[in-house]
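Colleague: Structure for the following, please:
(3 chains)
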Amino acid sequence: MGENSQQTLRANELLLEAIRSPEQLPMLSNADWELLIRVARRVRLLGRLEADLSSAGLLDKIPAKAADHLRASRNVIQHRKTLVTWEINRILWALKGTDVPIILLKGAAYMMAGLPPAPGRLFADVDLLTPEGNVSEIEEKLVSKGWYKMQLDPYDDRYYRVWMHEIPPLRHRERGTEIDIHHRILPRTSRLKPDPALMIGDACPLANSQLKVLCPADMVLHSLVHLFLEGDPVEGLRLRDLLDVHLLLQHYGQEPGFWEGLVPRAKQLGLARPLFYGLRYAQQFFSTQIPESVLLEIRGSRPYWPVRALMDFLVPLALLPGHPDYPKPRASVARWLLYVRSHWLKMPPLMLLRHLSYKAYLRFRGINKKVDLAQLDLRQQ
Amino acid sequence: MRVNDCTAVQIKRLLKSSEFNVQLGPFQIRIFSNIASLVPLLSQLYHFYPVVRQDSISDLHIKIAYPRGLRHWYRRQAVFSIDGGQPFAPYAIEHAFPALEWGINWCIATRAHHLLMLHSAVVERNGHAILFPAWPGHGKSTLCAALVFSGWRLLSDEFGLVRPEDGVLLPIPRLIPLKNESIDVIRQFCPEAVIGPSFFKTRKGTVAHVIPPEDSIHRMDEPAKPRWLIFPRWVANAPLSLEPIPKSQAFLMVATNAFNYEVLDQTAFRLVTDMVKDCDCYSLVYSDLNQAVTAIDELTRSNHG
Amino acid sequence: MAQSHGESLDRFCLTDSGQELLWQKWDDAFVLFQPSSAETHFINEISAFILERLAQEPVGLETLGKLIDMEFEQVGEKIIPEALDFWINRLEELGLIDRVDGISASL
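Modeller: Next up is the predicted model:
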């Protein structure tokens, strides 16, 4: 094995082991801590390590330098959590007097429902799901109370309105948090077409609130859709999204009826394939406990073996960060391929070609990627 | 071991094997580079800084190197990267050193959220620190350089690092970058100061770096308590004025001119409130550096008896 | 408090978020930190008075105007309804105060 592969392996193993067995972290050498911090930062799991160590009461058992990095990450996460919670509070204030169902998705849902993926998770925006017929009412109410529609270039705006499963994001004029209002969980053009009415109909209300979250099976399936279909060309598949899936499965797996209902629900929504992959890779990376009967039940939905073999090759490459000093070109290709695949599943081929080439053109011109900081003051970064 | 214990050949080897691991205040910074012209610069300008033994945890892994592949040959560029990511567009190879210095600051400002980071120069004498929070262009680095060659210890020309546990200021005595006219002003003010070569036409104009006094670097582990908040502003031909300002105004200026006041929530509010309560707050307008240094000297002597 | 005749039904109270505020008075200005939004607010004496008054009990707009006029009597000028509306809307938008809903307002 070459040096590159050895280092990649070492970095990946270090990260997975830290997540699987945080109680072992106090035994780590300084050199391993140094690498673990870099790798975990890259996949945004530093906060998870902090949360795990903190709940095990082990934060003072690790080197002070490592603890500084974890604390820094915790502070950022705590702050984002406050902002997202407050944004939800303000949304409810703005929508007072309406009885539109509002279903929180992803991070906001984990947090407000107090689910295991919430601690240590970085929260970006507020994602909401509501029946398509209510979208404009919500949008108008928010706009009348101080939110504005974010300026998009005409290509993106049209793309959103015509094809997407959400409207262009809203943002309050005094705050930074974006609100994404969805009316379905995948774009209209997607080959997978889970019926939003079913998901909205079965959503569970949160105590003392107008808010709801998806029912357990749907929440797992949505986090899988997010993992496999909303990747990033550079970052690849997000390991933290697979970790969400693992933690949800472990949590809801204790509830009676969850495992029995999971595969039938996936089939009903047309999401059996993502579920197959999700269970497979959650088990592979995090040793998720999944009943034999469920694994048997989902076997019928697995792809043919060449596809399976290809995915088994690509997914770990795209999910795991590798060693920052020994980048593997193969991993970048895998990340890009899976990104294209996710779009392939969401758009007709010609449109995909147009979309990707437009995005590539932007990247080529340097619009998305590099900021020339000469003009910017350091303080604003 | 310090950088000046290393020969140029050793520095080159350390840089190439990413073992050039220097202590800059509370941070250990590991630098990788294959750019030969950086070796004499680091050797000269970093010579007081400690080189850290290899089995401790480094905080930042910085690489400043030629681009990979063909671009290496047809364009003379330096690419700054941290943990494999490249946050900035490439620099002209001649500007590799100022890019490295500025890039390290950027990395600290965007990552070290376990501390409250004020945008401020900090100097200390007799255990009491003055903070000079200021916006760019208000002459904070120039004033700071003048003070550290007039008997004050440098904590930082850029970062007021506040430790949340007890509100003390942590030193990070880095090189002081001077811009344009300030370079000659400091040369005249303190001819004994060692100033590195001038880098022309960088993204911030001409830049040169002052080496802090050896004592400041030597004492980078000694925190200091905030005692004065002075908001400086250089105005051409202005008569000197050093006037007390209301604390509400001081609070507003410190909070809005911090790197991460927003991130630290209640902790930041408490720390800045306590700091403003504990400090005497002044605004300073000056055009003549000698007058400014004398005024600060008199103020701080009369004030803490 | 007795509701005076003709007063609009809306009464205002502090929200949970408004009750958690951390106060710091400097000279003539108040700095408030709102933990639930992570925002720092600079407010004037009138806003500070409104918040302090509403912390005691819910009050309607008209009454609030009178209370402000009494408090700041020495200034000599009376607060105009538009200004009061402005401050109230601002504090409401910041999530510090809210309208008491129909049920408790009728109590």
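
Colleague: what's the neighbour count on the residue in chain B that chain A sits nearest to?
Modeller: Using C-beta to the nearest C-beta, residue B:203 is the residue of chain B that sits closest to chain A, at 3.1 Å. Where you see a C-beta, it was placed from the backbone N, CA and C, and this is true even at glycine. Using other C-beta atoms under 10 Å in any protein chain shown, residue B:203 has 18 neighbouring residues.

Colleague: For the stretch 101-250 of chain A, which segments count as helices?
Modeller: Using DSSP state H, counting those that start in this stretch, the helices of the stretch 101-250 of chain A run over A:106-112, A:135-144, A:154-163, A:196-201, A:216-229, A:239-252.

Colleague: Please identify which helix or strand holds the residue nearest the centre of chain C.
Modeller: Of all residues in chain C, the one closest to the mean position by C-alpha atoms, centre = their mean is residue C:50, 3.0 Å from it. Under the criterion of DSSP states H and E, residue C:50 resides in helix C:45-56.

Colleague: The nearest residue to residue B:278 once chain neighbours are set aside: neighbouring residues, count only.
Modeller: Excluding its sequence neighbours, the residue lying closest to residue B:278 (C-beta to C-beta, 6 or more residues apart in numbering or on different chains) is residue B:226, at 6.2 Å. Using other C-beta under 10 Å, residue B:226 is surrounded by 24 other residues.

Colleague: Within its sheet, name the partner strands of the one helix or strand residue B:226 maps to and how each one runs.
Modeller: Assigned by DSSP H and E, residue B:226 falls within strand B:225-234. Using DSSP bridges, strand B:225-234 pairs in its sheet with strand B:128-133 (parallel), strand B:280-286 (parallel).

Colleague: who's in contact with the first one?
Modeller: Right, strand B:128-133. With C-beta atoms under 8 Å, 6 or more residues apart in numbering or on different chains as the test, strand B:128-133 has contacts from B:118-124, B:140, B:143-144, B:147, B:152, B:155, B:160, B:169, B:224-232, B:253-254, B:257, B:275, B:279, B:296, B:300, B:304.

Colleague: and it, which residues are buried?
Modeller: Residues B:128-133 are the ones in strand B:128-133 that count as buried (16 or more other C-beta atoms under 10 Å in any protein chain shown).

Colleague: Which strands and helices lie in contact with the helix or strand just after that strand?
Modeller: On the C-terminal side of strand B:128-133, the closest following helix or strand by DSSP H and E is helix B:140-148. The helices and strands touching helix B:140-148, judged by 3 or more C-beta pairs under 8 Å, 6 or more residues apart in numbering or on different chains; DSSP states H and E, are strand B:116-125, strand B:128-133, strand B:176-179, helix B:181-189, strand B:225-234, helix B:289-304.

Colleague: okay, those, which one's buried deepest?
Modeller: Of all the helices and strands packed on helix B:140-148, strand B:116-125 has the most neighbours on average by mean count of other C-beta atoms under 10 Å in any protein chain shown, namely a mean of 27.

Colleague: for it, the distance to its chain's centre please.
Modeller: Remark: strand B:116-125 is offset 9 Å from the chain centroid, using C-alpha atoms, centre = their mean, to the nearest Å.

Colleague: is it anywhere near chain A?
Modeller: Yes: Strand B:116-125 reaches chain A (C-beta under 8 Å from any C-beta of the partner chain) through residue B:119.

Colleague: Let me know the average pLDDT across that strand.
Modeller: Taken as a whole, strand B:116-125 has a mean pLDDT of 96.

Colleague: So what angle separates the directions of it and strand B:225-234?
Modeller: Inter-element angle recorded for strand B:116-125 and strand B:225-234: 90 degrees (by axes from the mean of the first three to the mean of the last three C-alpha atoms, to 10 degrees).

Colleague: Kindly calculate the angle that strand B:116-125 makes with helix B:289-304.
Modeller: 90 degrees.

Colleague: Extract the C-alpha trace of strand B:116-125 and format it as CSV.
Modeller: In CSV, the C-alpha atoms belonging to strand B:116-125 read as follows (Å, rounded to 0.1, in the frame of the first residue of the first chain):
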residue,chain,number,x,y,z
LEU,B,116,-13.2,36.4,22.6
MET,B,117,-11.3,38.1,19.8
LEU,B,118,-11.4,41.9,19.8
HIS,B,119,-10.0,43.8,16.8
SER,B,120,-7.5,45.8,18.8
ALA,B,121,-3.9,46.4,19.4
VAL,B,122,-2.8,45.7,23.0
VAL,B,123,0.3,46.8,24.9
GLU,B,124,1.2,46.4,28.6
ARG,B,125,3.3,48.1,31.3
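
Colleague: tell me what it is packed against?
Modeller: strand B:128-133, helix B:140-148, strand B:153-156, strand B:159-162, helix B:265-278.

Colleague: that older thread, kindly state the pLDDT recorded for the residue of chain B closest to chain A?
Modeller: 82.

Colleague: Could I get the helices and strands packed on strand B:116-125 in CSV, plus columns for distance to residue A:104?
Modeller: Converted to CSV, the helices and strands packed on strand B:116-125 look like this (distance: least, C-beta to C-beta, whole Å):
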stretch, distance to residue A:104
strand B:128-133, 40
helix B:140-148, 45
strand B:153-156, 43
strand B:159-162, 36
helix B:265-278, 22
